[in-house]
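> the following comprises the amino acid sequence and a computationally predicted model.
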Amino acid sequence: MKYKKLPFRKSDQKVFIADISKAKKILNWHIKINYKKGIENMINWIMVNA
């Protein structure tokens, strides 16, 4: 993959941590696919829609 690294912007996040425990508790929401399948689906979607 080729990419161009840009300088850090004032508004950029330094750290991101996703915590889905609140959604699980309040909405009774659960993950349906694992992260590997999710990445594969995202790549396939990009290939079709880019």
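Right, received. Where do you want to start?

> going forward, measure contacts between C-alpha atoms and count neighbours the same way
Noted.

> which strands and helices sit next to the longest helix seen in the chain?
Criterion DSSP state H: the longest helix present in the chain is helix 35-49. Helix 35-49 sits against no helix or strand, with contacts defined as 3 or more CA pairs under 8 Å, 6 or more residues apart in numbering; DSSP states H and E.

> return the distance of it from the chain's centre.
11 Å (CA atoms, centre = their mean, to the nearest Å).

> with just CA atoms, put it into CSV.
The C-alpha trace of helix 35-49 is given here as CSV (Å, rounded to 0.1, in the frame of the first residue of the first chain):
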residue,chain,number,x,y,z
TYR,A,35,-12.4,-8.2,12.9
LYS,A,36,-10.7,-10.2,10.1
LYS,A,37,-13.9,-10.7,8.2
GLY,A,38,-14.8,-7.0,8.8
ILE,A,39,-11.5,-5.9,7.3
GLU,A,40,-12.0,-8.2,4.3
ASN,A,41,-15.5,-6.8,3.8
MET,A,42,-14.2,-3.2,4.0
ILE,A,43,-11.5,-3.9,1.4
ASN,A,44,-13.9,-5.6,-0.9
TRP,A,45,-16.3,-2.6,-0.6
ILE,A,46,-13.5,-0.2,-1.3
MET,A,47,-12.5,-2.2,-4.4
VAL,A,48,-16.0,-2.1,-5.8
ASN,A,49,-16.8,1.5,-4.9
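
> show me what counts as buried in that helix.
For helix 35-49, a neighbour-count test (16 or more other CA atoms under 10 Å) marks nothing as buried.

> now do it, average pLDDT.
If you average the pLDDT over helix 35-49, you get 95.

> please list the residues outside that helix that contact it.
Residues outside helix 35-49 that contact it (CA atoms under 8 Å, 6 or more residues apart in numbering): none.

> ok, 10 Å please
32, 50 (CA atoms under 10 Å, 6 or more residues apart in numbering).
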